[in-house]
Each structure stands twice: as C-alpha cells, then as structure tokens.
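# just coords:
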C-alpha cells in the first residue's frame, strides 16, 4: 500500500466523502459507534467470488479482503439482521488494513438494512445471500424465449420480501415483432410494478436510469445469462467493464460475469451485477422448481466459453468432479434435466 493510499484512507474529509458516496447512513454510523474500532476502518464489500472478497476503503482504493483469523472463521456479526453473518457484496464491514501485504482482514460485518436472498434446493438447501443493503432490484429479462411470467413473479416477490423496490427491465425490445402479448401479460400480472422496455440500439430507452442512481443508492441486477445485464452495467458506468458478446441470430447473447461486483455508476449511484441465474425462489416456493444455478455459475468459470466439459483444459466442471466438490450424481441430474428441454425446445431452460 503506497503512502498516498494511507493518507487517503486516514484523511477524515476524504473518508467522509467516500462513505456518503457509497451509501453510509445513520444506521451504519450507530452500529460503528458500538465497536471498539481504534485500529479498524469501515469499508464496503464490492466484490466476491467464492471466499475471495474485495473491500473498498476510499474512492479509489480497493483491497483484497480475507476473513479474520488463521482458520478464516466467520467474522463477528454486529447487529441483528441475518446474524450470524459472512460477508456478501454490499455489506459494510470493519477491516484491519495491512500496509505491507496490500490486503485487509475483515473483522466484523455491520448490521444490514436488508438482504436479497435466494433459496438453493439441493443437497444442502442453503439460503444464499445475493447482496446486502440494496435499495432497488432490477429484474432483467429479454423479449424472447427467456421471457416467463411465473419466473418474473418469483424475482419480484424476492425483491419485495427484502424491502427493496422491484423494477422490471425488458431488454432487446427492438427484436419484438408483436408487442401486444408482452404488454398484456405484464399489465395483468404486475400492474403496480415499474416496468421499462430497453434496447441497446435506442439510447432514448435508457434515459430513465439516472432517476434510480442518486448518490449512495444501490441497485442489484438479476436475470438470466445473455439478457443484457453486462451491457446495462457498461452503459451505467460509461465504459466496458463487463465483457459482452453480440447477440446471435437466435437472439441469445452471452453473459460472461462470473462474480458479484459493486461499482459506482456515472450517475453517482451504485450497481451490483450478478452471474446469470435462471430462477430465484422465495422461501414459500422453494420446492416449486429445480435449481442448478451452482452448476450454471460453475460452467461460466470454464476456460473456454464453448467447453464440452469432457477433456478440455481449464474445465471447471471436470475439476470439481475430480475433487468431489461437484457430486457426479448431481452433474448427471443436470444433464438429464437439460435433455427434455432441448428436445421440446422448452424456453424454460437454455441448453
């Protein structure tokens, strides 16, 4: 860590600006006051991939974060919501910077204002926190075979359960030949949910976004792979920070996000992008459908985008099968689950 970086994270005025910009409020301040924090600094978790974290400590300083203790035990939870806690993107944490190794140790997680979570049926049936301290949830779906009302309902319900504002974003609107079926279905099911129709080819369709990104406000993006979330993030930030591929002739784009990331937008607010997911289950609906998002996210981390998951180098599936992290029975179940969809061209699942 450079001397300049140390000055920036210790300067009270600079830290005050950073905290306000990244969503610090009176509730977090009260929580912080309860800590013995002489050697600690508040930071916000802006990146997570498995057990690896990135923590923002100033407007231009992000450090790798590790869990406190040599055994990386769960950090202490400060506050009551969703306690005990392990960090998630959007969390405010207390950290101890290490100026010699250019990293920090996460000591505790401050009480969350809310969490957006999903139930993950399967061998462990865990509840996975997708993001913390979120103001709005943009539910992105494309106006093609990805569009499905029942699944959108589950995303909307999960957003409402968290206390965040759900916003429907229908992408690739320029590809729609007949708008009426989409409009009727949305109006009937979501008459009171804010809905927007966007196209990357029409900048005017994105003008409404600046109203959602006031200073310190955090928005979470959720939706399937290839629906345009990465392009939306690139627009919000004003540069290409997420790789995207052009939509193919069958209207299926590629989404290459493999981790959760929080970034500042050019409208001053903050946006959290997530790996593509086909579905989200609220607690009362956890047994309604099968969730293979763990495998779908694993596939995104393969070295090659067209990996056949057989003998290719850098295959994440084969790696986890060999280590035992991915049970062969679950991998086989996933393959069998895809086969009926492929034969019937069922739009509920993308092969």
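Structure received. Because the structure is a prediction, the values reported are computed rather than measured. Residues are numbered from 1 along each chain as shown.
# all the strands of the stretch 251-351 of the chain, residue numbers only.
With strands called from DSSP state E, counting those that start in this stretch, the stretch 251-351 of the chain shows them at 254-255, 260-264, 270-273.
# any idea which of those strands scores lowest on pLDDT?
Ranked by mean pLDDT, the strands of the stretch 251-351 of the chain bottom out at strand 254-255, which scores a mean of 42.
# so, low pLDDT: which residues of the stretch 201-350 of the chain?
For the stretch 201-350 of the chain, applying pLDDT under 70 flags the ranges 241-259, 276-293, 329, 336-350.
# quick one on the thing from earlier: which among the strands of the stretch 251-351 of the chain is found nearest to residue 216?
Minimum separation from residue 216 across these (Cβ to Cβ) falls at strand 270-273, 7.5 Å. Heads up, the C-betas are built off the backbone N, CA and C, glycines and all.
# quick check, central residue of the protein?
residue 274 (2.8 Å; Cα atoms, centre = their mean).
# got the contact list for it?
130, 131, 220, 221, 222, 229, 257, 260 (Cβ atoms under 8 Å, 6 or more residues apart in numbering).
# is the fourth one bridged to anything, and to what?
When bridges are called by DSSP bridges, residue 221 pairs up with residue 138.
# for it, give me its contacts.
Shown in contact with residue 221 (Cβ under 8 Å, 6+ apart): 138, 140, 229, 232, 233, 271, 272, 273, 274.
# can you select the buried ones among those residues for me in ChimeraX?
Selecting only the buried members of the contacts of residue 221 in ChimeraX, with burial defined as 16 or more other Cβ atoms under 10 Å, works like this:
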select :138,140,229,232,233,271,272,273,274
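# distance to residue 167 for the contacts of residue 221 - can I get that in CSV?
Formatted as CSV, the contacts of residue 221 follow (distance: Cβ to Cβ, whole Å):
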residue, distance to residue 167
138, 5
140, 9
229, 13
232, 12
233, 15
271, 12
272, 14
273, 15
274, 15
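# what is the nearest of the contacts of residue 221 to residue 46?
Using Cβ to Cβ, residue 272 comes nearest to residue 46 of these, at 8.7 Å.
# so what sits opposite the closest one in the bridge?
Note on residue 272: beta-bridge partners residue 220, residue 262, judged by DSSP bridges.
# my guess is it meets residue 260, correct?
Yes - between residue 272 and residue 260 there is a contact at 6.3 Å, judged by Cβ atoms under 8 Å.
# next, show the common contact partners of those two.
With Cβ under 8 Å, 6+ apart, residue 272 and residue 260 have common neighbours 89, 131.
# pLDDT on stretch 115-129, on average?
69.
# can you check stretch 159-172 too?
Regarding stretch 159-172, the rounded mean pLDDT is 95.
# just the buried residues of it, please?
Those buried within stretch 159-172 under the rule 16+ other Cβ under 10 Å are 159, 162, 164, 165, 166, 167, 168, 169, 170, 171, 172.
# out of the strands of the stretch 251-351 of the chain, nearest to residue 50?
Among the strands of the stretch 251-351 of the chain, strand 260-264 comes nearest to residue 50, with 10.6 Å by Cβ to Cβ.
# tell me what the closest one is packed against?
strand 41-49, strand 126-132, helix 229-237, strand 270-273 (3 or more Cβ pairs under 8 Å, 6 or more residues apart in numbering; DSSP states H and E).
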